[in-house]
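**Q** generate coordinates for the sequence data below:
(chains A and B)
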Amino acid sequence: MQFPNPHDVKAATIPGTEGWERMYPYQYQFVTDDPERNRYEKETFWFYDGLHYPEPLYPFDTIWDEAWYLALSQFNNRIFQVPPVRGVDHRIINGYVYISPVPVQNPEEIGKRVPNFMERAGYYYKNWDELEAKWKVKMEATIAELEALEIPSLPDVEDISVVTSGIGESRGYHLIKNYDDLINLGIKCWQYHFEFLNLGYAAYVFFMDFTQKLFPSIPLQRVTQMISGIDVIMYKPDDELKGLAKKAILLGVDEAVTAHREWEDVKKAVAALPKGDEWLAAFEKARYPWFNISSGTGWFHTDRSWNDSLGIPLSGIQTYINKIRAGAEVDRPMEQVRAERDRITAEYRELITNDADRKQFDELLGCAKTVFPYVENHLFYVEHWFHSVFWNKMRQVAAVMKEHGILNEIEDVWYMRRDEIKQALWDMVTAWATGVTPRGTKTWPAEIEWRKGVMQKFREWRAPPAIGVAPEVIQEPFTIVLWGVTNKSLSDWASVQDVGDPDSITEMKGFAASPGIVEGKARVCFSAEEIRDLMEDEILVAPTTSPSWAPAFAKIKACITDVGGVMSHAAIVCREYGMPAVVGTGYSTKVIKTGMMLRVDGSSGQITIAR
Amino acid sequence: MTSIAAATVAGTSNRPPLVSWFEECTKDSIALVGGKCSSLGELISSGVRVPPGFALTTAGFADFMRGAGIQAEIAGLLQGLDHDDLDRLENVSRSIREMIESRPMSVELEDLIGEAYRKLSVRCCQASVPVAVRSSATAEDLPGASFAGQQDTYLWIRGFDDVIHHVRRCISSLYTARAIAYRLKMGFPHEQVAISVGVQKMANAYAAGVMFTLHPATGDRSVIVIDANFGFGESVVSGEVTPDHFVVNKVTLDILERTISTKLMCYTVDLKIQKSVATEVPFERQSIQCLIDDEITELAWMAKKIEKHYGRPMDIEWAVDKALPAGGNIYILQARPETIWSNRSQAAAVAASSSAMDYIVSSLLAGKRLS
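**A** Okay, here's the model as predicted:
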């Protein structure tokens, strides 16, 4: 399969964005002045990583891309030595990230990597639970360190204690150092992120692969249903909301909780009630750590946590209070979900016709079930808890920069690369120390204004789903799982490319993620804030969903996402609620508009739009 | 369901029943009701809906032959026949069959059949329900389909007199020239042959077809594949139309794939000639899915039960009845073991069962094919 040439795509620079390359690290560029690199780039297959990056990347947010570029690649290639594949290479065009797994070409080298992989990955699989417990300790320590990290402002005169305690260091130095520490903690957190992840995905993907060999028609959603855990951390925040809804009714504060849209108004109203303080205390308790949940994937500074916008958890609590009042059950039907999982597993197992296959099935299922909790739970620790705290620490850094005239606004900081911020801090702190004006006060505000314009143009650009030349096989587990890289999705992507006008599309295909057929009105929500506008029985259409969207699922009757596979959040939750879901459609939020009538077939992955 | 046989036989002796409802038959009833009726009984006991009906048993057949008092006469006619003497065979056959078809049944037997037919009509909520009358041979393990005249099937029979008449015609099919010749050749004594006759409600199919409890293309045991068209199943079985095609998940019963074809023709009954006839499907219905989703799910559920009952993949004929209300309108007509995939040796998907780690490594090396 042939997709557009990366250099041609890049050469068609959007007018007015000339020079955009300086917004990103130089190694991310597709180049034409280095013949060897140019040939490699041209002959390689690059996916647009729409799963993680539905929007163009802000220069600062590139940090997590750099972090996983390093972490995934090193674990694959230098630590575990996945035999046929090295790391995953990255590029950026117009702010959109393209990635490509790098194969090991030489069969002899692959052979040499096998024993290493067996020993190293084997060690992890064998000692999974013990190592995972260790991981949790490391991760919690990292988060604690982050939370304790102080971002100092720059005083006119240092405190006398600097002298009397003989500290010998200034706050200026601490600002520079703690910014470095902040960045390093982030990078470290992502080292841990990938410690288990790819091994987890490998166990997942090959269990799927095996069951599909046994049952060519088995829907992937059924395979994931067999392994999906039930008591995973990612459900905890939503469970807290349900608990708070019940408590509100119990304490007689539910009227006050549902009376206002804004948290501050609710807080005042509840505080005035006899048992209001008890409920508010429960609310505060739930916030740490459970409201450190991002309203998006957590990958972007724009993804604010529940703690940042308490209106989101509030609207969730309100939804549940209304459900309970209407006599509906809000708790997840755990027993039912578990029983159905066990029934499905047992029935498929019974259909296996020979003992060798049944034994292999048991082995792989056991392995997949062992890795499952990590694959789900790491998201809360890294993308949600750590990131939510991290973004706010960065805002503190930005506040100091604003104070010293480097930035006009705190939120302007995201238009700078992390190394540019470090330079600017040096400029600012040395100027502060010296008593002069930082050079950056004249350069950065103008540059940032220009970058804002560039980002806007990037947003209006549509990133091709794939560029370069598709290989025959993909061996990198992460790529296989997350991008649902199958022959089918590629040809579907290719066919969407051919349709010029999104307004003429009446049929869309995605992954059949949760079975059932419904018809209803579409509600397109681009962020968790917008789920407040959802009406009962609408069909949610979203770029992707995350656990902070959980309350939305109590209202809707089907869900469609642009990106995600059968184990994405939307898929898992819809299966639990027993409502249809079609995920990984590529373009649903671009094609579907709020109010359109849709028919969603979650068994076949077909979406029909009535025009 | 009251047992006709039990009602009549009660208090007399251990005499086998002369008439038996299908639901009283099992796979062990072949000697009494023949292969066809016993397999219908077996299907009912698997828990699925089968067009209801009853059988004149081999005991009923014997009672008829005794009561008609024609056994000696028949034996005389068959005396000294040569299986190569086709003219004489034809003549003898004609005489015997005329004899059988013209003799009255005993009042008891006529009453039993009449009562069963009346009850069947009540069950089907139709006065004089149309039925299929067909012979059900007791010796199907013997080669030669013509042995018991088992092709004799009379469709769309209505009313008591016609039912009795066609039951006799089925009995007389034991004495077709070919059946006589065959027995002579094989040295099978004529007086030992027996036949049963099934009387079954005609399924007046709105839609019908076949289904397999595995994927015929891949052998995948986790799906049920359904082919369907409007009207009777003949159009699907014979391949005269491209049917609608559904793949249903056997474990969860959700519809995985649906292919709606343009169905140009179907078979419906012409009651005047009591035959099914090829008809054009009206243009506006040609591209419409011929089953509703609930029916597809119920069919798959039935297929699953049948497979479980027989303990092996099955090939099933079914119909959706026009005259019955939704939720009770699906009939299983026939089920037989699937042979193609079942006879193939089941090679393991893995060369040798191995640890998860070995499997993961070998799979990583193989990679995932993109094209």
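**Q** what residue spans form the domains of chain B?
**A** Domain segmentation of chain B under automatic domain parsing yields B:4-201, B:205-343.
**Q** okay, now the unreliable bits of the chain?
**A** Using chain A. Applying pLDDT under 70 to chain A flags the ranges A:1, A:229-230, A:477-478, A:480-500, A:567.
**Q** wait, I meant chain B there
**A** Along chain B, the model assigns pLDDT under 70 to residues B:1-13, B:139-151, B:345-353, B:368-371.
**Q** where exactly do the strands run in it?
**A** For chain B, the strands defined by DSSP state E occupy B:19-21, B:53-56, B:131-137, B:153-157, B:195-201, B:205-212, B:223-230, B:244-249, B:255-259, B:265-270, B:275-280, B:314-321, B:330-337, B:368-369.
**Q** surely A:Tyr577 and A:Pro551 touch.
**A** No - using CB atoms under 8 Å, A:Tyr577 is not in contact with A:Pro551; the gap is 11.9 Å. Any C-beta I mention is one placed from the backbone N, CA and C, and that applies to glycine too.
**Q** what's the burial count for A:Leu182?
**A** Counted with other CB atoms under 10 Å in any protein chain shown, residues neighbouring A:Leu182 total 19.
**Q** give me the three-state assignment for it.
**A** Secondary structure state of A:Leu182, per DSSP: H, G, I helix; E, B strand; the rest coil, is helix.
**Q** how about it, nearest residue that isn't a chain neighbour?
**A** A:Lys393 (5.5 Å; CB to CB, 6 or more residues apart in numbering or on different chains).
**Q** look at that neighbour and say how many residues are nearby.
**A** 20.
**Q** with A:Arg417 instead?
**A** 18.
**Q** what of A:Glu21?
**A** Neighbour tally, A:Glu21, other CB under 10 Å: 17.
**Q** was I right to think it contacts A:Gln29?
**A** Yes - using CB under 8 Å, A:Glu21 is in contact with A:Gln29, at 5.5 Å.
**Q** list residues touching both of those two?
**A** Counting by CB atoms under 8 Å, 6 or more residues apart in numbering or on different chains, A:Glu21 and A:Gln29 have no common neighbour.
**Q** any idea how far B:Leu174 lies from B:Lys119?
**A** Shown here: B:Leu174 relative to B:Lys119, a distance of 27 Å by CB to CB, to the nearest Å.
**Q** more crowded one of these two?
**A** A side-by-side neighbour count of B:Leu174 and B:Lys119, using other CB under 10 Å, places B:Leu174 first with 26 against 16.
**Q** surely that one is in contact with B:Val193?
**A** Yes - checked against CB under 8 Å, the pair B:Leu174 and B:Val193 is within contact range at 5.7 Å.
**Q** briefly note if stretch A:114-128 comes near chain B.
**A** Yes - if you take CB under 8 Å from any CB of the partner chain as the test, stretch A:114-128 does meet chain B, through A:114, A:117-118, A:121-122, A:125.
**Q** how close does A:Gly16 sit to chain B?
**A** 37 Å (CB to the nearest CB, to the nearest Å).
**Q** list the contacts of the closest residue to that residue other than its chain neighbours.
**A** Distances taken as CB to CB, 6+ apart place A:Lys457 nearest to A:Gly16, at 6.1 Å, with adjacent residues excluded. Applying CB under 8 Å, 6+ apart to A:Lys457 gives the contacts A:14, A:16-17, A:94.
**Q** check for me that A:Lys457 belongs to a helix.
**A** Yes - assessed with three-state DSSP, A:Lys457 lies in a helix.
**Q** distance of it relative to chain B?
**A** In terms of CB to the nearest CB, A:Lys457 sits 33 Å off from chain B.
**Q** residues near A:Trp290, how many?
**A** Neighbour count for A:Trp290, taken as other CB under 10 Å: 21.
**Q** that one touches A:Lys242, doesn't it?
**A** No - here A:Trp290 does not reach A:Lys242: they are 11.8 Å apart, not a contact under CB under 8 Å.
**Q** quick one on the thing from earlier: which pair of the contacts of A:Lys457 spans the longest distance?
**A** Maximum pairwise distance in these, criterion CB to CB, is 11.9 Å, between A:Gly16 and A:Asn94.
**Q** and the two? Which one has more around it.
**A** A:Asn94 (22 against 11).
**Q** which residues touch that one?
**A** A:14, A:17, A:20, A:56, A:457-458, A:461, A:463.
**Q** same thing with B:Asp270?
**A** Contacts of B:Asp270 by CB under 8 Å, 6+ apart are B:276-277.
**Q** for chain A, which segments count as strands?
**A** Per DSSP E, chain A carries strands over the ranges A:45-48, A:85-93, A:96-103, A:466-468, A:473-474, A:507-509, A:511-514, A:517-524, A:539-542, A:558-561, A:581-583, A:597-601, A:606-610.
**Q** in TSV, list those strands along with mean neighbour count and distance to A:Phe300.
**A** Shown next, in TSV, are the strands of chain A (neighbours: other CB atoms under 10 Å in any protein chain shown; distance: least, CB to CB, whole Å):
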stretch	mean neighbour count	distance to A:Phe300
strand A:45-48	24	16
strand A:85-93	22	15
strand A:96-103	22	12
strand A:466-468	25	23
strand A:473-474	18	27
strand A:507-509	17	26
strand A:511-514	28	24
strand A:517-524	18	19
strand A:539-542	28	15
strand A:558-561	28	17
strand A:581-583	32	20
strand A:597-601	20	28
strand A:606-610	17	27
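**Q** of those strands, which is nearest A:Phe75?
**A** Short answer: strand A:85-93, nearest of the strands of chain A by CB to CB, at 8.7 Å.
**Q** can you give the strand pairings for the closest one, parallel or anti for each?
**A** strand A:96-103 (antiparallel) (DSSP bridges).
**Q** which non-adjacent residue is nearest B:Leu43?
**A** B:Val50 (5.2 Å).
**Q** contact partners for the residue nearest to A:Leu182?
**A** A:Lys393 is in contact with A:146, A:149, A:151, A:182, counting by CB under 8 Å, 6+ apart.
**Q** quick one: the helices in the stretch 251-371 of chain B, in order.
**A** Under the criterion DSSP state H, counting those that start in this stretch, helices of the stretch 251-371 of chain B are mapped to B:293-310, B:340-343, B:356-366.
**Q** is the longest one positioned near chain A?
**A** So that's helix B:293-310. Yes - Helix B:293-310 comes into contact with chain A (CB under 8 Å from any CB), by way of B:Asp293.
**Q** relative to strand B:244-249, how tilted is that helix?
**A** 60 degrees (axes from the mean of the first three to the mean of the last three CA atoms, to 10 degrees).
**Q** re the thing from before, output the strands of chain A as a markdown table; include the columns distance to A:Gln2.
**A** As requested, the strands of chain A are exported to a markdown table (distance: least, CB to CB, whole Å):
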| stretch | distance to A:Gln2 |
| --- | --- |
| strand A:45-48 | 10 |
| strand A:85-93 | 18 |
| strand A:96-103 | 15 |
| strand A:466-468 | 9 |
| strand A:473-474 | 16 |
| strand A:507-509 | 21 |
| strand A:511-514 | 24 |
| strand A:517-524 | 32 |
| strand A:539-542 | 31 |
| strand A:558-561 | 28 |
| strand A:581-583 | 27 |
| strand A:597-601 | 31 |
| strand A:606-610 | 27 |
